[in-house]
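> just a sequence and a predicted model for now, questions to come.
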Amino acid sequence: MNRRAFLGTGASLLGLPAWLRAQGDGDLLAGLVNQDVSQTIDRGLEYLANRQMADGSFGSGAWQSNVAVTGLCGLAFMAGGHQPGRGRYGMMVRRATEAVLASEDRNTPGYLRGGRGDQRGGLYGHGFATLFLAEVHGMVSDPGLRGRLRPTLGRAIQLLIQGQNQRGGWRYS
């Protein structure tokens, strides 16, 4: 069974509507992102772009410069097709990447933290920041940025591995 047939079968089993399952060329998402949805996505990304801090981070109030918020905003731009330094919001992705890299705790190598919103659930924020770095890693074409990103990501992942508890999960700190 090829990927297209597998996805079509899965869509049927999940009870997705026929119009979603029966798109030409097996595109299961065709029809979901119409012009109205596309404009809404564009407005959302523009909203985020206008709220990025000077240091590249995102967040406000108690969550100002929070690595989780910054990572999730960076992921939103990438989901819109923007890559570090490329695309309408490419600089926002690059600046978010720089902000997350700068958040590494000097006393705990690999620990991504930052902002006032980090008092509760530091590892939770670290997880979102690590996910962002892992996703952006394959999109970075700048050798200098890639040279900083790869080792930081490695340390962040190692911290997650070491932080796993006996039951196979993680706590918030």
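Arrived safely, thanks for sending.
> list phi and psi for Leu112.
phi -90, psi 120 (degrees, to the nearest 10).
> element containing the closest residue to it other than its chain neighbours?
Sequence neighbours aside, Ala129 is the residue nearest to Leu112 in space, at 4.0 Å (criterion: C-beta to C-beta, 6 or more residues apart in numbering). Using the backbone N, CA and C atoms, a C-beta is placed for each residue, glycine as well. Applying DSSP states H and E as the criterion places Ala129 in helix 122-137.
> touching that helix from outside, list them.
Applying C-beta atoms under 8 Å, 6 or more residues apart in numbering, the external contacts of helix 122-137 come out as 66-68, 70-72, 74-75, 78, 83-84, 93, 96-97, 100-101, 103, 111-113, 117-118, 146, 149-150, 152-153, 156-157, 159-160, 163, 170-173.
> contacts only, for the residue nearest to the spatial centre of the chain.
Central residue of the chain (C-alpha atoms, centre = their mean): Leu75, 2.9 Å from the mean position. Going by C-beta under 8 Å, 6+ apart, Leu75 touches Leu131, Phe132, Glu135.
> determine the angle, from 0 to 180 degrees, between whichever helix in the chain runs longest and helix 122-137.
Longest helix of the chain, by residue count under DSSP state H: helix 143-163. Per axes from the mean of the first three to the mean of the last three C-alpha atoms, to 10 degrees, the angle that helix 143-163 makes with helix 122-137 is 140 degrees.
> and the contacts of helix 143-163?
Outside helix 143-163, the residues touching it (C-beta under 8 Å, 6+ apart) are 84, 94, 97-98, 101, 104, 108-112, 123, 126-127, 129-130, 133-134, 136-137, 140, 170.
> buried ones among these?
With neighbours counted by 16 or more other C-beta atoms under 10 Å, those contain buried members at 84, 94, 97-98, 101, 104, 110-112, 123, 126-127, 129-130, 133, 136, 140.
> now do the helices in this structure.
Going by DSSP H, the chain shows helices at 3-13, 18-21, 35-49, 67-79, 90-102, 122-137, 143-163.
> can you report phi and psi for the closest residue to Tyr111 other than its chain neighbours?
Distance criterion C-beta to C-beta, 6+ apart; nearest residue to Tyr111, sequence neighbours excluded, is Asp105 at 4.2 Å. Main-chain dihedrals, Asp105, degrees, to the nearest 10: phi -70, psi 120.
> start the count at 433 instead of 1 going forward.
Yep, numbering from 433; the last one is Asp537 now.
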